[in-house]
Each structure stands twice: as C-alpha cells, then as structure tokens.
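J.: Fold the following for me, if possible:
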Amino acid sequence: MNQDMLSQNLPRVAILLATYNPNEDIFVQIQSLRDQDYPNIIIYWGDDGSTPYCLKIIEFALRDLEVIRLPQNQVGPTRNFLNLVKAAANEEYLAFCDQDDYWEPFKISKHVKALQSHHNIPACTHSTSFLFGKEVKQRSQIANCPEHKLEKLMVENCFQGCTMVLNKRAAQLLINFDMSDVIWHDWWVGLVISNFGISLYIEGTDTYYRIHNANAIGVPNIRKRLRNYFARPPGIQYRQNIALLRMFLHFERFDEAGQVKIWLRNYSNSRAMRLFYSFQEPFRRSKLLEEILRRISGILKQP
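T.: So this is what the prediction gives:
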C-alpha cells in the first residue's frame, strides 16, 4: 500500500502551530513533523504578529506541507492556540505544536493509538518532555499529577501543551463554552477534559522542549517566572475556576461544583480570608518551593 492510500485510511491529525518571531530553530520543529511515521497530517498555522522577515522564514519552512493559515493576530500564545482549536474543531485529532521544539517520529502515532479507544467521549493525551537548551540543565519534565484530580488541577497546571493531543469530541466541547478567562490553553484543556471526559498520561518521552528566556512559559530564570506571575491580571485564576463552575452547573455535576465553590470562597477578595485559608488547605503543588511561592503570592494577590 503506497503512502497516499495509507493516508486516506487514517483519520487526519491537525497540527496546531502557533508562531511568534521564530529563529532558525523552527526548521528543526517542522522537519520533525515531516519525519512523523503517521502520514495523514495537516498544519493549522496561527501567527501572533511576527515581523515580515520572520513570516518569510515560516512560509519557507512550511513550503511543501499542507497548511491552513489563520489571519495574523496579536492576542498572545493562549488565545492564539485557542483560536487554532476553534478553527480545527472538526478534525479527528488536534495536536498543539510550539515553534522551536522537536518531536520523535512516533509521537503522533503513539498518541492517536491511545485515543482511538475513547472516540465516543472527550479525550486528550499528554506525556513527558525532555528539556534542553543552552540555558538549562537537560532533564526530563515529568507530569506533576498524572492522576488528574480536580483539587490539584484547579491550582496547578499539570499539562504541557507541546505534549498534548486531543480528539474531536474534546475540541467541540471546549469551543461550546466561554474561554475568555483562560490562563494557559494547556491548563484549561487538561482541566476541562479531565473532568468532562478522560485525560491519558502516556509514559515515555516523545517531545523535546527547547528552553530559553524568550519562552512564554517554562523560562529558566526564577526571577522572570515570578515577574510573569505577578504580571498576570489579579483574579484570573479565580475567574478561570468560575468558568469551570459554570460548566459543572450546566451538566448538573453538583458535587464537583461544590468543591469549586469552596475554593472560590477561600480565595475571595479578602486578603485576611486568603491568609487564614493558606494555613488550612492541604499541600497542592508537587515541589515544596513552588508550594511556598504559591501560598505567599496567593496571600499578596488574588490568584
């Protein structure tokens, strides 16, 4: 069976490529897409306001691939990725793609295989990534909470977008609800699909995540990470969990709605209430330093 016939027999996977002023590393990422052993893919490309020179680089990198290009926008990485989900919501599978990483050739086929037995419900996969770059010690980035519990997902993002693939049912669930208060696209997708479908953690590394100080997230500099956190609008995590609460009420999931209401009450506008609750709540983050920072910052500013 030739490659064209094989492609016709496989459900199509939409690669959701979000770009912003990439350098030559984008050629490594795009070549790893060409090298996938899964032949039926299409690129949905959303650019977040790159310079004309960088756009030429991206266009050249994508020159021989099937591409659907969204109108250029300047909305930031989260909104860019969510716009791509909306555009590709009728595709069978969708995979988030950063502009400067590297994928193992078996990545798409491995994730699609895991999702195929869950085609009747919203489902997503995520896996371990390998961090690399000039400014960081190379190491594996293992998912913090593969059990996907609501109480942890409300306060910590356990999903790394560049390792995630979701099915059509997941995409269509997501676009039917308000996403205006989402902090990070991968956090919201993981939070929603874990509670209204199934999230699957896949063992092993299939994505190499390039770390540098220009990353939107995952920057190696702790001071920049703190600065990024305090630059977030006050109460955005609070509003994200209100959006989750509305979804639970819509589907009459009153037990889970009650859990979210408790969190919302304890993280109200009252700094005194947040201080009191910080001594009462259980340990939620996977790393002690991040838990301490979360509690201190949660007292100083409404999350």
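
J.: now the end-to-end length of stretch 179-192.
T.: With CA to CA, to the nearest Å as the measure, stretch 179-192 spans 11 Å from end to end.

J.: next one: stretch 45-60
T.: Rule used - CA to CA; the end-to-end distance of stretch 45-60 is 13 Å.

J.: Mind listing what's buried along it?
T.: 45-48, 50, 54-55, 57-58 (16 or more other CB atoms under 10 Å). (C-beta placed from N, C-alpha, C; glycine too.)

J.: what's the most distant pair in these?
T.: Gly46 and Ile57 (15.8 Å; CB to CB).

J.: give me the number of residues near Lys134?
T.: 8 (other CB atoms under 10 Å).

J.: That one belongs to a helix?
T.: No. Counting by DSSP: H, G, I helix; E, B strand; the rest coil, Lys134 is not found in a helix; it is coil.

J.: ok, it to Asp25 distance?
T.: Going from Lys134 to Asp25 by CB to CB, to the nearest Å gives 11 Å.

J.: what does Ser127 give?
T.: 21 Å.

J.: So for the two, which residue has more residues nearby?
T.: Under the neighbour definition other CB under 10 Å, Ser127 and Asp25 were set side by side, and Ser127 has more, 25 against 16.

J.: So what pairs up with that one in the strands?
T.: Ser127 forms beta bridges with Ile202, as assigned by DSSP bridges.

J.: how about the strands in the stretch 101-250 of the chain?
T.: 102-103, 123-132, 139-141, 165-167, 198-210 (DSSP state E, counting those that start in this stretch).

J.: Work out the gap between stretch 103-111 and the centre of the chain.
T.: 17 Å (CA atoms, centre = their mean, to the nearest Å).

J.: nearest spatial neighbour of Asp25, skipping sequence neighbours?
T.: Computed as CB to CB, 6 or more residues apart in numbering, the closest residue to Asp25 that is not its neighbour in sequence is Asp100, at 3.8 Å.

J.: Pull the number of nearby residues for the closest residue to Pro122 other than its chain neighbours.
T.: Nearest non-adjacent residue to Pro122, counting by CB to CB, 6+ apart: Gly197, 3.0 Å away. Residues lying near Gly197 (other CB under 10 Å) number 18.

J.: hang on, the earlier thing: my guess is the residue nearest to Asp25 contacts Asn21. True?
T.: No. Here Asp100 does not reach Asn21: they are 10.8 Å apart, not a contact under CB atoms under 8 Å.

J.: how close does Asp206 sit to Leu55?
T.: 29 Å.

J.: one step back: tell me the pLDDT at the residue nearest to Pro122?
T.: Looking at Gly197, its pLDDT stands at 98.

J.: what's the answer for Arg295, then?
T.: So, for Arg295, pLDDT stands at 72.

J.: So which residue is dead centre in the protein?
T.: For the chain, the residue nearest the mean C-alpha position is Asp186 (1.9 Å; CA atoms, centre = their mean).

J.: ok, that one - contacts?
T.: 81, 96, 126, 157, 159-161, 164 (CB atoms under 8 Å, 6 or more residues apart in numbering).

J.: returning to that earlier point: please report phi then psi for the residue nearest to Pro122.
T.: Here is the backbone geometry of Gly197 (degrees, to the nearest 10): phi -160, psi -130.

J.: In this structure it contacts Arg169, no?
T.: Yes. Using CB under 8 Å, Gly197 is in contact with Arg169, at 6.9 Å.
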